[in-house]
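Student: Would you be able to build a 3D model of this:
(one chain, ligands or ions: 1)
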Amino acid sequence: MSNELPTIHNWVDGALSTSTSGQTAPVYNPATGQVQAHVALSSQAEIDAAIDSAQAGFEVWSATSIARRQTVIFKFRELLNERKAELAAIISSEHGKVVSDAMGEILRGQEVVELATGFPHLIKGAFSENASTGIDVYSIKQPLGVVGIISPFNFPAMVPMWFFPVAIAAGNAVIIKPSEKDPSASIWLAELWKEAGLPDGVFTVLNGDKLAVDGLLHSPVVQSISFVGSTPIAQYIYETASKNGKRVQALGGAKNHMLVLPDADLDLVADQAINAGYGAAGERCMAISVVLAVEPVADELIAKITERIGNLKIGNGAGGPDGEPDMGPLITDAHREKVSGYVDIAEADGAKIVVDGRNFRVDGHEDGFFFGPTLIDEVPTTSRAYQEEIFGPVLEVVRVQTFEEGVALINSGQFGNGTAIFTNDGGAARRFQHEIQVGMIGINVPIPVPVAYHSFGGWKASLFGDAKAYGVHGFEFFTREKAITSRWLDPATHGGINLGFPQN
Ligand code: NAD
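Tutor: Here you go, the predicted structure:
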């Protein structure tokens, strides 16, 4: 039976490349619970071949003029904009998120492509004439070479697009190792690059598991690693790639809090808590997981959130006779079990389950990996269910008495990806942005993913390394600088023999 299903192979040398490793992993349709394809898990020989092809692609692309490179990127942007509906359908079918949300992730990725079209301004060097008499000093930025991108399942298009438009614009060749849970978006993007005129070997898709990741981490050809995924793997990637002398940016997990001050508009807060807590079934690194309610607002806010949960439609993200639902399933059955386990832990630790999404089923999709929106009150901060990332549609309410108590709690956590404050008090918001130990902050904005010309990245266990994704950080990460000190000798300025250290 499974032999009849398609296999998703690699993209090497500007074409699909059939893996002969004999190893595959299942790719599910999470809404039906059925395996819909298999993804090839590359062998070491296939990993090596992909890296060799990328190195050859780099040699061509890095010698291609800025003007030509810019034309290809503009073309890619136009094709993506025209055909993004195809990509949204692919994302929804393998990830489970609703199609309009898949479209949202593409548009956020497209922003980075649009930023990259203006790359000449961002990679040009600087020139200082006559730094010393007759001496000019200037700097140039060059690409790194072959760069690796290892991405998570939750944004199969947007996360790769945080990196590859910038890397390619700067003259690098990229190898993407997509999540084995939803690998098709990367292949679709590879085909689009081909159509846009990108030379073969500049965009490679290497499907696989740990072997493929380790192949990139240990290859002397691969110059840098951009990773997004869970914190334990991010730490492993950071340590291993650094030990092997590579540049590395490794973005990890999150547990994002929304601090609600008593003066906030609670209808606005309830709407935003629903959107940011349950959108994409909570499988977003910038999802809100904890509502930190500064008393006396908790009871009223919980009532408003509960009422709104009752109106949410949960179903197949691809839509159906009743249109598009608000929320789709989780990625796998195993992940659903994990999310469910965290609700069990919260309950055992004394929390109150206000809305229980365990054992939630969707009519007609009984085998789908659905988990209902869940709301938990009075979660003890000593519980693992509070301290760890759940990555599902579970909102936890923690009640605090003061602004200071809320800030201290957020700052005590292991993660520092995103956070938000809801208030009408500008002074409190300003104090929050100054004191909070988190990389991305929303003020009355629940999912503060920075626009493409700022950079994306958290603090603490949410980002290993010092380079964020895209924006100026992205261009810094994907280029290296040379500084040149130049003198054109003539008899008038020749200083004769002097063994002292050069001075001005
Ligand atoms: P994951 O860590 O399981 O997998 C990420 C990538 O690492 C995949 O390509 C996977 O194949 C690979 N991988 C998994 N185990 C490995 C191992 N032992 N050795 C080498 N490679 C391995 O993450 P996921 O479940 O795909 O994604 C969800 C996680 O990603 C969540 O923790 C979420 O918070 C995080 N995330 C973070 C951000 C951010 O910006 N900080 C953005 C999106 C997702």
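Student: Tell me, how many residues neighbour the residue of the stretch 51-200 of the chain found nearest the ligand?
Tutor: Proximity of the stretch 51-200 of the chain to the ligand (Cβ to the nearest ligand atom) peaks at Pro152, 3.0 Å away. Yep, even glycine has a C-beta here, placed from its N, CA and C like the rest. When neighbours are counted by other Cβ atoms under 10 Å, Pro152 registers 23.
Student: again with Ala303
Tutor: For Ala303, using other Cβ under 10 Å, the count is 13.
Student: confidence score at it?
Tutor: Note on Ala303: pLDDT of 98.
Student: I'd assumed Gly317 was in contact with Ala31.
Tutor: Yes. Using Cβ atoms under 8 Å, Ala31 is in contact with Gly317, at 6.1 Å.
Student: roughly how far apart are the residue nearest the centre of the chain and Asp214?
Tutor: Nearest residue to the geometric centre of the chain (Cα atoms, centre = their mean): Val159, 3.8 Å. Distance, Val159 to Asp214, by Cβ to Cβ, to the nearest Å: 20 Å.
Student: Now do the contacts for Ser486.
Tutor: 135-138 (Cβ atoms under 8 Å, 6 or more residues apart in numbering).
Student: and these, which are buried?
Tutor: Buried members of these, counted by 16 or more other Cβ atoms under 10 Å: Ile135.
Student: Just the contacts of Ser486: which are in strands?
Tutor: 135-138 (DSSP state E).
Student: hmm, back to that, how many residues are close by the spatially closest residue to the residue of the stretch 51-200 of the chain closest to the ligand that is not a sequence neighbour?
Tutor: Spatial nearest neighbour of Pro152, chain neighbours left out: Gly229 (4.3 Å); criterion: Cβ to Cβ, 6 or more residues apart in numbering. Gly229: 22 surrounding residues under other Cβ under 10 Å.
Student: Make sure Gly229 is actually in contact with Ile150.
Tutor: Yes. The criterion here is Cβ under 8 Å, and Gly229 meets it with Ile150 at 7.0 Å.
Student: Need the overlap of contacts for those two.
Tutor: Here Gly229 and Ile150 share the contacting residues Ile237, scored by Cβ under 8 Å, 6+ apart.
Student: picking that back up, check contacts around the residue nearest to Pro152.
Tutor: Here Gly229 is in contact with 150-152, 237, 251-252 (Cβ under 8 Å, 6+ apart).
Student: Please produce CSV containing the ones in strands among the contacts of Ser486, extended by pLDDT and distance to Gly458.
Tutor: CSV is the format used below for the ones in strands among the contacts of Ser486 (pLDDT from 0 to 100; distance: Cβ to Cβ, whole Å):
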residue, pLDDT, distance to Gly458
Ile135, 95, 43
Asp136, 97, 41
Val137, 98, 36
Tyr138, 98, 35
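Student: just those that are near the ligand?
Tutor: Here nothing survives when the ones in strands among the contacts of Ser486 are matched to the ligand using Cβ under 6 Å from any ligand atom.
Student: Would you tell me which one of those residues comes nearest to Phe58?
Tutor: Tyr138 (24.2 Å; Cβ to Cβ).
Student: Find the nearest non-adjacent residue to that closest one, please.
Tutor: Using Cβ to Cβ, 6+ apart and skipping residues adjacent in sequence, the residue nearest Tyr138 is Phe127, 4.2 Å away.
Student: does the one you found count as helix, strand or coil?
Tutor: strand (DSSP: H, G, I helix; E, B strand; the rest coil).
Student: pretty sure it is in contact with Ile484, am I right?
Tutor: No. If you go by Cβ under 8 Å, Phe127 and Ile484 don't touch, sitting 9.5 Å apart.
Student: Common neighbours of these two, please.
Tutor: 137-138.
Student: that older thread, pretty sure the residue of the stretch 51-200 of the chain closest to the ligand contacts Val159?
Tutor: Yes. Pro152 lies in contact with Val159 (Cβ under 8 Å); the separation is 6.3 Å.
Student: list residues touching both of the two?
Tutor: With Cβ under 8 Å, 6+ apart, Pro152 and Val159 have common neighbours Val228.
Student: Quick check on Ala50: phi, psi?
Tutor: phi -60, psi -40 (degrees, to the nearest 10).
Student: What pLDDT does the model give the closest residue to it other than its chain neighbours?
Tutor: Computed as Cβ to Cβ, 6+ apart, the closest residue to Ala50 that is not its neighbour in sequence is Leu206, at 4.7 Å. At Leu206, the model reports a pLDDT of 98.
Student: any shared contact partners between Ala31 and Gly317?
Tutor: Counting by Cβ under 8 Å, 6+ apart, the residues touching both Ala31 and Gly317 are 96, 328-329.
Student: Pull up the residues of the protein that are close to the ligand.
Tutor: 150-155, 159, 177, 179-180, 209-210, 213, 228-230, 233, 251-254, 285, 389, 391, 417, 458, 462.
Student: among these, which are in strands?
Tutor: Short answer: these in strands (DSSP E) are 150, 177, 228, 251.
Student: Ends of stretch 424-441, what's the gap?
Tutor: One end of stretch 424-441 to the other measures 16 Å (Cα to Cα, to the nearest Å).
Student: Just the buried positions in that stretch, please.
Tutor: For stretch 424-441, by 16+ other Cβ under 10 Å, it's 428-429, 432, 436, 438-441.
Student: That one - what's its average pLDDT?
Tutor: The pLDDT scores in stretch 424-441 average 98.
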